[in-house]
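Participant: Generate a structure from the sequence data that follows.
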Amino acid sequence: VAQNTSSSLRVIVTDANGAAASGVRVNVTHVPTGRSQVLASNTQGIAATRGLAVGGPYEVSVVSGGEYAADVIQNIYLELDKTAVIDLAVRPVIEEIMVTAVAPTGEVAVGVGSAFDRSTIDSTPSLSRDFISTLATDPKILVDNSVARGPALSLAGGNFRYNSVTIDGVAQNDNFGLSKNASATQRTPISIDAIEAVNVNIAPFDVTYGNFIGGNINIVTKSGTNDFEGSVYAFSTDDSLTGDESAGADLAIQDFSEDYYGFTLGGPVIRDKLFFFVNYEKFETDRPSNTQTLNNIAGVTQADVDRVTNVLQTVYNFDPGEFDAIDTDEDEKILVKLDWYVNDDHRAALTYQEADGDVIFDDFPEIAVLQSNRYNINEKLDAYSLQLFSNWTDNFSTEIKIGSKNVENRQISAVDPGTSADFLITT
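Facilitator: Residues are numbered from 1 along each chain as shown. Here you go, the predicted structure:
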């Protein structure tokens, strides 16, 4: 576990003359959970804190009872792995007047990249309910949906095999190297409804990033707050909702159906102290195993397929299966997260993630492959992440992260797993 999963905030405190104001006690509050941190500005007028939860809103104010007052700055939203910079102008206390303002923020990044917050994810259409749809809105990121085992993802022109995906700090890459979508599973390992923010780092110089040559896709999941919030959703489509012609050309769309359904729920276990978030999503599809129809394969007819099938069954006592076969695939995702605000200076997060699914592959769509030559990739991913964020002093903070990932990957014949035979028939 190495990648950053938190945000930072830097408050620049100045007096009425624009000079640095030192010794001013600044209060930073995470509104959804009520967590507050009190910081003191240094001789340069800077008060900084790290290890903050991504998102917001946050509020910045001056602690009452001192010699300074300031407007309360509200609606501060923090991006993943970035430092937001807030200007706070203070004035001597004459009489207390409460004024609120919206924060004009800047930010400090760690290299070339892009950040996608929850509002961006929500506003991006995604037919596959995959975070890659959001990444495709960035011109530096190329998503190629035409390749097998895709979509292939290229960051700033780099090879798709050189990328790295981390979720809550745990690397979830394709260790074997056959997948082109950069993750450990053929489909996305996490529901798009469980994501709080995504950060793409193409050339980060931060020492916490490593073990990749191309780019890093850094994902942080949602957390619970003091309010109970949730959602229930379902999506369905089939061949009757899909066009079958383009400019007069037959697209050979065959019978299929796809269904997504799931829910999210988050809230407090102990208000202001312990919070939970859970997500469950299931995908089911019935679709043709063959990616092409016989009409689109030159030199082969249904009579040819029937003749070959008859020979294999009668002479070799082997059932090769059909060409036009229907396969049922399923994919199930679970996420459970606990956030414990130990006190104003220490925060812990525990995440469990599971993805279990199967995908059928037809690796030779240009020839008439029968069902026995196709196979299902069955995958199960289990990932754990434990993180502790601590601010010991205004100038010293630590982040301790422990994570593990286990992937079971099996390739199973699309017909009887106990049979195995290869036949090549040429005409």
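Participant: Going by length in residues, pull out the top helix of the protein.
Facilitator: Criterion DSSP state H: the longest helix present in the chain is helix 302-315.
Participant: Tell me which helix or strand comes right after that one, heading toward the C-terminus.
Facilitator: strand 326-343 (DSSP states H and E).
Participant: That next one pairs with which strands?
Facilitator: strand 274-288 (antiparallel), strand 346-361 (antiparallel) (DSSP bridges).
Participant: Nearest to residue 295 among those strands would be which one?
Facilitator: The closest approach between residue 295 and any of the strands paired with strand 326-343, judged by Cβ to Cβ, belongs to strand 274-288 at 13.3 Å. Every C-beta, even on glycine, is put in place using the N, C-alpha and C of the backbone.
Participant: any low-confidence regions in this structure?
Facilitator: For the chain, residues meeting the criterion pLDDT under 70 lie at 1-3, 94-112, 148-150, 176-182, 206-210, 251-252, 363, 414, 416-427.
Participant: Which stretches in it count as helices?
Facilitator: Using DSSP H, the helices assigned to the chain run over residues 118-122, 132-135, 302-315.
Participant: Same list, the ones you listed, but as a markdown table with distance to residue 40 and mean neighbour count please.
Facilitator: Shown next, in a markdown table, are the helices of the chain (distance: least, Cβ to Cβ, whole Å; neighbours: other Cβ atoms under 10 Å):
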| stretch | distance to residue 40 | mean neighbour count |
| --- | --- | --- |
| helix 118-122 | 32 | 14 |
| helix 132-135 | 39 | 20 |
| helix 302-315 | 79 | 13 |
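Participant: so which of those helices gets nearest residue 359?
Facilitator: Between those, helix 132-135 lies closest to residue 359; by Cβ to Cβ that is 15.6 Å.
Participant: returning to what we had before: would you list the helices of the chain in JSON lines and tack on distance to residue 408?
Facilitator: Formatted as JSON lines, those follow (distance: least, Cβ to Cβ, whole Å):
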{"stretch": "helix 118-122", "distance to residue 408": "29"}
{"stretch": "helix 132-135", "distance to residue 408": "23"}
{"stretch": "helix 302-315", "distance to residue 408": "32"}
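Participant: nearest to residue 260, of those helices?
Facilitator: Among the helices of the chain, helix 132-135 comes nearest to residue 260, with 13.8 Å by Cβ to Cβ.
Participant: got a list of contacts for the closest one?
Facilitator: Contacts to helix 132-135, defined as Cβ atoms under 8 Å, 6 or more residues apart in numbering, come from residues 114, 116, 120-121, 124-127, 141, 143, 151, 153, 181, 188, 192, 198, 200, 217.
Participant: if you set the cut-off to 6 Å instead, what comes out?
Facilitator: When contacts are defined by Cβ atoms under 6 Å, 6 or more residues apart in numbering, helix 132-135 is touched by residues 116, 121, 124, 126, 141, 143.
Participant: Would you list the buried entries among those residues?
Facilitator: Burial of the contacts of helix 132-135 was assessed by neighbour count (16 or more other Cβ atoms under 10 Å); the buried members are 116, 121, 141, 143.
Participant: Name all residues that make contact with residue 275.
Facilitator: Remark: with contacts taken as Cβ under 6 Å, 6+ apart, residue 275 is in contact with 224, 268, 339.
Participant: Find the residue closest to it in space, skipping its chain neighbours.
Facilitator: Closest residue to residue 275 in three dimensions, ignoring its sequence neighbours and counting by Cβ to Cβ, 6 or more residues apart in numbering: residue 224, at 3.4 Å.
Participant: now residue 219
Facilitator: Distance criterion Cβ to Cβ, 6+ apart; nearest residue to residue 219, sequence neighbours excluded, is residue 167 at 4.6 Å.
Participant: Beta-bridge partners for that neighbour, please?
Facilitator: residue 170, residue 219.
Participant: Run a quick neighbour tally on residue 279.
Facilitator: If you count neighbours by other Cβ atoms under 10 Å, residue 279 ends up with 25.
Participant: pretty sure it is in contact with residue 192, am I right?
Facilitator: No: counting by Cβ atoms under 6 Å, no contact exists between residue 279 and residue 192, whose distance comes to 9.8 Å.
Participant: Okay, and which of the buried ones among the contacts of helix 132-135 map to strands?
Facilitator: For the buried ones among the contacts of helix 132-135, membership in strands holds for 116, 141, 143, with DSSP state E as the criterion.
Participant: Just give me the closest of those to residue 38.
Facilitator: Using Cβ to Cβ, these come closest to residue 38 at residue 116, 31.7 Å.
Participant: Show me the beta-bridge partners of the closest one.
Facilitator: Bridge pairing for residue 116 - DSSP bridges - gives residue 198.
Participant: got it, and residue 340?
Facilitator: On DSSP bridges, the residues paired with residue 340 through beta bridges are residue 274, residue 348.
Participant: gap between it and residue 280?
Facilitator: According to Cβ to Cβ, to the nearest Å, residue 340 stands 22 Å off from residue 280.
Participant: okay, the two: which has more neighbours?
Facilitator: In this view residue 340 and residue 280 are compared by other Cβ under 10 Å, and residue 280 has more residues nearby, 18 against 15.
Participant: show me the contacts for the more buried one.
Facilitator: Neighbour list for residue 280: 262-263, 334 [criterion: Cβ under 6 Å, 6+ apart].
Participant: So which of these wins on neighbours?
Facilitator: residue 262 (21 neighbours).
Participant: is it true that that residue touches residue 281?
Facilitator: Yes: under the criterion of Cβ under 6 Å, residue 262 lies in contact with residue 281, with a separation of 3.3 Å.
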